[in-house]
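*Asks:* just a sequence and a predicted model for now, questions to come.
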Amino acid sequence: MTLRIARKEFTEMLRDGRFRGAGAIVFILLAGALLLGWRNHGEVSAQHATAQQATRAQWLSQGKKNPHSAAHYGVYAFKPQVPLSLVDHGTDPYTGVAVWLEAHKQNEFKYRPAQDATAVQRFGELTGATVLQLLVPLLIVLLTFNAFSGERELGTLRQLMSLGVSPSQLASGKALGVAAALGLWLVPAAVIGAVAIAAASSQGEVMASVPRMGWMALSYVLYFGAFTGVSLAVSAWAPSSRSALMILLGFWMMNGLIAPRVASDLAKTWKPSPSAFDFGQQMQLALTKGSDGHDPGARAKVLEAELFKKYKVDKLEALPVNLLGIRLQDSENHGNEVFDQSYAALWDTFTQQNRIHQLVAMAAPGLAMRSVSMGFAGTDFAQHTHFAKAAEEYRRMIQRTMNDELTYNAPTTGAPYMANNDLWKKVKPFDYTAPDAGWVAQEQAPSLGIVGVWFAGSALLAAWSARRVRVL
Amino acid sequence: MLFSLMKYEWRNLSADRTPLAIALLLGAALAYGAWNGSQWVNFQRTAIQSALQEEQERLRGVRAEIPKIESGEIKASPFTDPRLPQALGRGPGARYAVMPPSALGALAVGQSDLYPYYFKVTTGSKQTFLNADEIENPVHLLAGRFDLSFVLLYLFPLVILACSYNLVSAEKEGGTLALALSQPVTLPALVMAKLLPRAALVMTLAVLLPLAGVVMGGTNLSADGAGVRLLFWIAITAAYGAFWFALAVAVNALGRSSATNAMALAGLWLMFVVVIPSVLNVAVKAAYPVPSRVDLIQATRVAGDAATRQGSKLLARYLEDHPEMAPAEKGGAPDFGTIQVAVSEATERAVQPVLDRFDAQVAGQQRIVDRFRYLSPAIVAQSAFNDLAGASAQRYSHFLAQADQYHRQWREYFVPRILRKVKLSTADLDQLPTFRYREEDLSDIASRLQIAFLGLLIPVLLVAFPAWRWLGRYPIAGS
């Protein structure tokens, strides 16, 4: 019986010109967004790959140089573009694309792509994710708002009930019908998306992309299911089709447009992040409390005492190591502590802010879906910091290599010392591997849970409302 | 007649609780939006204040340090000695170029959360200080703010549509339309009579609340043309609202049922506020793709390396061009500071074409947006609101140009002194160039806004005129 109802719904929708029109618009927007995303991804990732090679070549061809000059020269780390980001740009437009890895300092990422766009960007980008998170739910609402109320208003609900159809059969039949009709548009779009992602992936990336795609598809299905359930429940419970539509449109607005902004504002108010100025000042203050390597100050005496003890000598000239190298590494160590603390505090603030978003997401599943989608696309903030941390590790490795060279190979007399190509080659190229889907699933567990709970809850709600539906 | 109809309509509205609820909702959203905007303005003001305070304390420190170095009380390395212009201009003496939030800044956050509003200007190259981005959770930048401009662009039309989607159809469905029209009144007059009280209610809220917010926020309405800006703000809001009212009337005039009207209007809202802007956004990006800034980073690096390699040669060439800056005493190898001047100027010159390429692409995007924004009144209103609140990209580039000029001025002060190896004293600290932000010319903004206003008014007429014609053919009885 359920299947028969589903088939009736499906046929009816296919014959409805409004659905065909709306579905076609959604499909065209989705396919267009995916194809444009694919083109853009190709260009940008090629630029980043070229730049990463160029920065390596520059590092290797420095010629003869003091290791500390090389450390100041440094290298750049360019954020790689994950293939799935063509579906969901996430926070990528609003985080910098590159970071300079130099001596003494953990830098901020520079150049947010959104700064090179017009203000229209702020209405929202047309990406696969926008269509899936905003427009498809609207389509679901339009398809289901009169599922029960419409039957009642036509007088057919009475007939159905008199045939012995159970309300939950009716509800699941309607849900299946909608799912089939949506699938007619969304499955081809998903195929286009998968092909685009495969085309955008290099050999190694394809295997990493598949589980991410699977997770993403699954969570979108749950999200659409949640919307269908809510729609059916409201349709069964609302006094008329008109009020069902009004309630559902209100929910859609709140979910997609109002909640994200309110969540941001609440998060900012409850867990304020520092201004860039204060952040920089605090860090500077903490840094000056140690030595900066060039100007030893008080720390130098302590350091010398330690060295005298370690090498069992009583004057600087007798030390078997280069003092400058030791001092520089000492200041790096101090700096690293400061950076660890400062950035950990900042990122922790952001994490807490995102937790407030999750709290709001309990009332608006769109927020949770946005987070999950960005996560599997590889464009959420957690994966940005994952890259930032890897880049910072690499910077510290370069500093250690350069300072060790000074300490153990430079003349202990403090005479000028030049290193060559051999040293530059000792620094391995920066090789970053993005975390796998399992890592993301773990990071996104709360949001995934919220989407899941919404799915299950809305299904229960729909069944419950259907059982209570007013027939007359 | 019109007047008495309006009176009855008003009574009708007051008896119904829905308009009151809608009005309260809109009022609350407007107030919350205004509050949010003022929070952001306060945040910027505090950051600017701390920066200026830091600058003052730093300069006071330098002022106290110089005599001590002169008397030999403390020793300073050539990198940190503030008497050396190359050291002072790079760090201890640096000053901030600041763009304060504009008078109506609290009304729209716009692009102001994306672009820096202060720079620490030094003798170094522009690339070293232009990236003073504000720290922000990127998720928040993505979502945007719940500011007044959001309420007016997104929610205000919905409120208008919610209270007028069944303007005529409800009368027909209730059977009162034929009755009312049996009186000596035309349908257009009846529509007017129903429209005006609604418009009065909604428009008053949308106009008065921001006004109250601005006045209570302590904005000086006579300064910086704030009064004129506020008038423009009201005009744009009113024209934008008028567009949505006209749209509601036009859809009603087609004579369909209330349910169909609601669906059609919701679809149009989605079209104008969500779909057209995002399609336009991808279209401009496809037409003028901006390459990733990694290109700029690489270009800067390559130019910097090249300049460093031929540092002393560059200096010689530089001095040939500027013989008046040659050091007073001949001989001796040029020091680090002198070479750095030549290197950073050469780097900047070499990178300029790359920067221009980026700017040209973004300018191309903006040109398309400017041309096609009339497709959606929401885009026209958004750019007008950003302009009025001083949160537009135009104001940012206006600031950037001034910061650029100040940077040149800063260098013009320091570079000759670096080259001539002058030692500065405390008296010189008072001579350092200072930055003063000049607000955008009101006439420039006004001319942009007049076009925006027309861009809203013409669509109102384009919708209202056929609506009027269709009302004449309205099927008053039957279906």
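*Replies:* Yep, it's here.
*Asks:* and B:Thr178, how many residues sit next to it?
*Replies:* Small correction: residue B:178 is Ala, not Thr. B:Ala178 has 12 neighbours, counted by other CB atoms under 10 Å in any protein chain shown. For the C-beta atoms, the positions are set from N, CA and C on the backbone; glycine is no exception.
*Asks:* hmm, it is touching B:Ile476, no?
*Replies:* Yes: counting by CB atoms under 8 Å, B:Ile476 is a contact partner of B:Ala178 at 5.6 Å.
*Asks:* starting at the chain centroid, how far to the one helix or strand A:Val210 maps to?
*Replies:* Assigned by DSSP states H and E, A:Val210 belongs to helix A:203-237. Between the centre of helix A:203-237 and the centre of its chain there are 17 Å (CA atoms, centre = their mean, to the nearest Å).
*Asks:* is any part of that helix close to chain B?
*Replies:* No: judged by CB under 8 Å from any CB of the partner chain, helix A:203-237 and chain B are separated, with a smallest distance of 13.9 Å.
*Asks:* quick check: which helices or strands does that helix pack against?
*Replies:* When contacts are defined as 3 or more CB pairs under 8 Å, 6 or more residues apart in numbering or on different chains; DSSP states H and E, helix A:203-237 packs onto helix A:136-144, helix A:149-154, helix A:167-200, helix A:241-253, helix A:365-377, helix A:437-443, helix A:445-467.
*Asks:* from the chain's centroid, how far away is the longest one?
*Replies:* Translated: helix A:167-200. For helix A:167-200, the separation from the chain centroid amounts to 24 Å (computed by CA atoms, centre = their mean).
*Asks:* how about residue 272, secondary structure?
*Replies:* Going with chain A. At A:Pro272 the chain is in coil, as set by DSSP: H, G, I helix; E, B strand; the rest coil.
*Asks:* I was after chain B.
*Replies:* Per three-state DSSP, the secondary structure class of B:Phe272 is helix.
*Asks:* the nearest residue to it once chain neighbours are set aside - how many residues pack around it?
*Replies:* In space, and not counting its chain neighbours, B:Phe272 is closest to B:Ser376: 4.7 Å by CB to CB, 6 or more residues apart in numbering or on different chains. Residues near B:Ser376, counting by other CB under 10 Å, number 22.
*Asks:* wait, A:Phe27 sits on A:Val191?
*Replies:* No: using CB under 8 Å, A:Phe27 makes no contact with A:Val191, being 11.8 Å away.
*Asks:* residues in contact with the residue of the stretch 301-450 of chain A found nearest chain B?
*Replies:* Of all residues in the stretch 301-450 of chain A, A:Phe350 sits closest to chain B, at 4.7 Å by CB to the nearest CB. Counting by CB atoms under 8 Å, 6 or more residues apart in numbering or on different chains, A:Phe350 makes contact with A:273, A:381, B:137, B:139.
*Asks:* then B:Ala264?
*Replies:* B:Ala264 sits next to B:251, B:256 when contact means CB under 8 Å, 6+ apart.
*Asks:* what of B:Ala235?
*Replies:* Applying CB under 8 Å, 6+ apart, one finds that B:Ala235 lies in contact with B:Phe453.
*Asks:* buried sites along the helix or strand where it lies?
*Replies:* Counting by DSSP H and E, the element that carries B:Ala235 is helix B:226-253. Going by neighbour count (16 or more other CB atoms under 10 Å in any protein chain shown), the buried part of helix B:226-253 is B:226, B:229-230, B:232-253.
*Asks:* for stretch A:139-155, same thing?
*Replies:* Applying 16+ other CB under 10 Å to stretch A:139-155 flags A:139-152 as buried.
*Asks:* and that stretch, end to end?
*Replies:* 25 Å (CA to CA, to the nearest Å).
*Asks:* just how off-centre is it within its chain?
*Replies:* 37 Å.
*Asks:* could you pull up the mean pLDDT of it?
*Replies:* For stretch A:139-155, mean pLDDT is 88.
*Asks:* residue 377 - nearest residue in space that isn't next to it in sequence?
*Replies:* Because you didn't say which chain, this covers chain A. Nearest in space to A:Ala377, with sequence neighbours left out and distances taken as CB to CB, 6+ apart, is A:Asp88 at 3.7 Å.
*Asks:* not quite, I wanted chain B
*Replies:* That would be B:Phe243: by CB to CB, 6+ apart, it lies 4.9 Å from B:Pro377.
*Asks:* now the angle from the strand or helix carrying B:Arg198 to helix B:226-253?
*Replies:* Using DSSP H and E, B:Arg198 sits within helix B:187-216. With axes from the mean of the first three to the mean of the last three CA atoms, to 10 degrees applied, the angle from helix B:187-216 to helix B:226-253 works out at 150 degrees.
*Asks:* now do the buried residues in helix B:187-216.
*Replies:* In terms of neighbour count (16+ other CB under 10 Å), helix B:187-216 has its buried residues at B:187, B:190-199, B:201-203, B:205-207, B:209-210, B:213-214.
*Asks:* equivalent analysis for stretch A:397-404, please.
*Replies:* A:398-399, A:401-404.
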